[in-house]
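Colleague: A predicted structure for the sequence below; I have some questions about it.
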Amino acid sequence: MTESGERLANRRIALGITGSIAAYKAVELLRLLQGEGADVRVLMTPSAVEFVGTLTLETLSYHPVDADVLALQADGRIGHVAAAHDVEAIVVAPATAHWMAAMAAGLAGDTITAACLATSVPVVVAPAMDGGMYAHPATQANVARLREFGYRIVEPESGVLASGMTGLGRLADLGHIVDATVDALSGAPAPLPAEAPLSRSRGTAGTPSRGDLAGLHVVVTAGGTAEPIDPVRFVGNRSTGKMGIAVAEAALDRGAAVTLILGNTSVEAPARAHVARAETAAEMQAALRALTPAEGPRFDVLVMAAAVADFRPRSVSDQKLGRSDGLTLEMDSTPDLLAETAERVRTGGRGSGARRPILVGFAAETGTLERAAEKLRSKGVDLLVANDVAEPGSGFGTDTNKVTIYSTEAPPEELPLLSKREVAELLLDRIVVRLVAAVSGETTEAAAPEPTEGSQ
């Protein structure tokens, strides 16, 4: 393996993963390609999804995974065709005997074969399978056929196989696959500096358009938390999750990969989102910490619309408490998840050229919004969406909302009473403007203070 560095800086690469037990190694291969500076999107066969879930790969790649050959992107393009024309190389690792046979025959039954058929960029193939399968004349004929196509084959290695036997069929050393990818692109012209997906898909005059979040990872918290008293009772709030789920649905429709950290809700989560259940403040804290490791946050946008309970019982009974003696609860404050997550984002590492994520908080107030500006500042977020839940049509469980958006760079923006989906779209418009400004190095014209947790 040659010395690593930034040998793939700004290169756009598709990583194709097929249904081999070695599919788990593709996660590390993704990180190695990124470590060389590549922007990697992932294509998967249906059987590969059985070995490695899409959430991990979308979280690490910051792109939606293309696993359905019939799926369209948010901008209406065919996913595998878009991949064929958007990338500079395709790396298929691991490649199964079945996939190589299909590719050799030109059968476009999955996103990887379809993309390879539709592209003229270099293709690197790293087979992985049982030794007998790789040695079979049919497989060897298919390998030879792929070489005729001009594909670079990274030969498998000898070692212990999934069957327990020893033979030639183990996926090649990942460093060798990276080296082969570098070699495949060595004669290609140097790419222009990477452009953020959102700036490619803007409408006229820089206004946000449908598909303007394509290729980005948006995390949304939604719903209320339920802090247990005993196995039956809990301390909670009136949140239904409607606002957070509206944001998640709008982000999905604009092309984002969405992770929804979901508390207690009365509405159904969108099927296209990756859902992580978090019914208590502690569970939500753990989910957020998993997305903000020391090496840097694993998202581009975080919208914390969940209504996290401010207090939880100091002790929890493991049996249902009787009513005869009454009940006195001693309560402790729950962690300030918004402030904590913002701090982890500020202090976490980020790769070369990576922009800081946009952080959005929600604040549910009663009677006045005068505390919202201070919350924006104290919690360290970019935008704070505040509403008076005592106002008609603006409380928990309604289909409408009347909010004021506070930002760090502009006066508060008071919106009229709107549907929660309309509020979500307007909020995402403002997020996109900030993302575009971050890419271009410009400042945004936004507004004022800081957020607290709580939505509806």
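Modeller: Great, that's in hand. Numbering: from 1, shown residues only.

Colleague: Distance of the spatially most central residue of the chain relative to residue 324?
Modeller: Central residue of the chain (Cα atoms, centre = their mean): residue 217, 3.4 Å from the mean position. Distance of residue 217 to residue 324, given as Cβ to Cβ, to the nearest Å: 52 Å. The C-beta positions use only the backbone N, C-alpha and C, and glycine is treated the same way.

Colleague: for residue 240, same thing?
Modeller: 34 Å.

Colleague: Of these two, which one has the most company?
Modeller: When neighbours are counted by other Cβ atoms under 10 Å, residue 240 and residue 324 differ, and residue 240 comes out ahead with 23 against 5.

Colleague: so the more buried one, which of the three states?
Modeller: coil (DSSP: H, G, I helix; E, B strand; the rest coil).

Colleague: Which residue comes closest to it once chain neighbours are left out?
Modeller: What sits nearest to residue 240 in space, not counting adjacent residues and going by Cβ to Cβ, 6 or more residues apart in numbering, is residue 266, at 4.3 Å.

Colleague: For that neighbour, the count of nearby residues, please.
Modeller: Neighbour number of residue 266 under other Cβ under 10 Å is 14.

Colleague: That one and residue 241 touch, don't they?
Modeller: Yes - using Cβ atoms under 8 Å, residue 266 is in contact with residue 241, at 6.8 Å.

Colleague: Please report the distance of residue 323 from residue 87.
Modeller: Distance from residue 323 to residue 87, by Cβ to Cβ: 64 Å.

Colleague: Tell me which of these two has more neighbours.
Modeller: For residue 323 versus residue 87, the count of surrounding residues by other Cβ under 10 Å is larger for residue 87: 23 against 7.

Colleague: Outside of the host helix or strand of residue 180 itself, list whatever touches it.
Modeller: Element membership for residue 180 (DSSP states H and E) is helix 174-184. Helix 174-184 is contacted from outside by 1-2, 4, 7-8, 13, 25, 28-29, 32-33, 36, 38, 89, 91, 93, 122-124, 126, 152, 154, using Cβ atoms under 8 Å, 6 or more residues apart in numbering.

Colleague: Specify the local secondary structure of the residue nearest to residue 240.
Modeller: coil.

Colleague: Let me see the contact set for it.
Modeller: Residue 266 touches 240, 241, 242, 397, counting by Cβ under 8 Å, 6+ apart.

Colleague: hang on, the last one packs against residue 241?
Modeller: No - using Cβ under 8 Å, residue 397 makes no contact with residue 241, being 9.7 Å away.

Colleague: So between the two, which is more surrounded?
Modeller: residue 241 (29 against 13).

Colleague: so the more buried one touches residue 223, yeah?
Modeller: Yes - with contact defined as Cβ under 8 Å, residue 241 counts as touching residue 223 (3.5 Å).

Colleague: Check the contact lists of the two and give me the overlap.
Modeller: Listed as contacting both residue 241 and residue 223 by Cβ under 8 Å, 6+ apart are 262, 263, 264, 265, 306.

Colleague: Quick one: mean pLDDT over stretch 251-263.
Modeller: Per-residue pLDDT over stretch 251-263 has a mean of 90.

Colleague: Pull out the buried residues from it.
Modeller: 251-263 (16 or more other Cβ atoms under 10 Å).

Colleague: Quick check: the farthest pair among these?
Modeller: 255 and 263 (25.6 Å; Cβ to Cβ).

Colleague: what residues are up against residue 291?
Modeller: 59, 219, 259, 297, 298, 299, 302.

Colleague: Now the last one: closest residue in space that isn't a chain neighbour?
Modeller: The shortest distance from residue 302 to any residue other than its chain neighbours is 4.8 Å, reached at residue 219 (Cβ to Cβ, 6+ apart).

Colleague: From residue 313, how far off is that neighbour?
Modeller: 28 Å.

Colleague: Likewise for residue 104?
Modeller: 63 Å.

Colleague: now swap in residue 159 and tell me
Modeller: According to Cβ to Cβ, residue 159 and residue 313 sit 54 Å apart.

Colleague: Between those two, which is the more surrounded one?
Modeller: residue 313 (17 against 12).

Colleague: wait, the more buried one sits on residue 228?
Modeller: Yes - the criterion here is Cβ under 8 Å, and residue 313 meets it with residue 228 at 7.1 Å.

Colleague: quick one: low-confidence parts of the chain?
Modeller: The model of the chain has pLDDT under 70 over residues 1-5, 70-84, 161-165, 187-211, 236, 238, 349-354, 439-456.

Colleague: longest helix anywhere in it?
Modeller: helix 420-440 (DSSP state H).

Colleague: May I see the buried residues of that one?
Modeller: Using 16+ other Cβ under 10 Å as the test for burial, helix 420-440 gives 420-428, 430-438.

Colleague: now stretch 122-136
Modeller: 122, 123, 124, 125, 126, 127, 128, 129, 130, 131, 133, 134.

Colleague: Repeat that for stretch 329-340.
Modeller: 334, 335, 336, 337, 338, 339, 340.

Colleague: which residues are contacting that stretch?
Modeller: For stretch 329-340, the external contacting residues (Cβ under 8 Å, 6+ apart) are 221, 225, 227, 229, 235, 281, 284-285, 288, 304, 308-315, 361, 378-381, 451-453.

Colleague: which one of the contacts of residue 266 is nearest residue 411?
Modeller: Distances from residue 411 to those, taken by Cβ to Cβ, are shortest for residue 242, at 27.6 Å.

Colleague: re the thing from before, in CSV, please show the C-alpha coordinates belonging to the longest helix of the chain.
Modeller: The C-alpha atoms that make up helix 420-440 are tabulated as CSV, following Å, rounded to 0.1, in the frame of the first residue of the first chain:
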residue,chain,number,x,y,z
LYS,A,420,-46.9,23.2,10.4
ARG,A,421,-45.7,22.0,7.0
GLU,A,422,-45.6,25.6,5.8
VAL,A,423,-43.6,26.6,8.9
ALA,A,424,-41.3,23.6,8.2
GLU,A,425,-40.7,24.7,4.5
LEU,A,426,-40.0,28.3,5.5
LEU,A,427,-37.6,27.1,8.2
LEU,A,428,-35.7,24.9,5.7
ASP,A,429,-35.5,27.8,3.3
ARG,A,430,-33.6,29.8,5.9
ILE,A,431,-31.4,26.8,6.7
VAL,A,432,-30.5,26.4,3.0
VAL,A,433,-29.6,30.1,2.7
ARG,A,434,-27.2,29.6,5.6
LEU,A,435,-25.7,26.5,4.0
VAL,A,436,-25.2,28.2,0.7
ALA,A,437,-23.6,31.2,2.5
ALA,A,438,-21.3,28.8,4.3
VAL,A,439,-20.1,27.2,1.0
SER,A,440,-19.5,30.6,-0.6
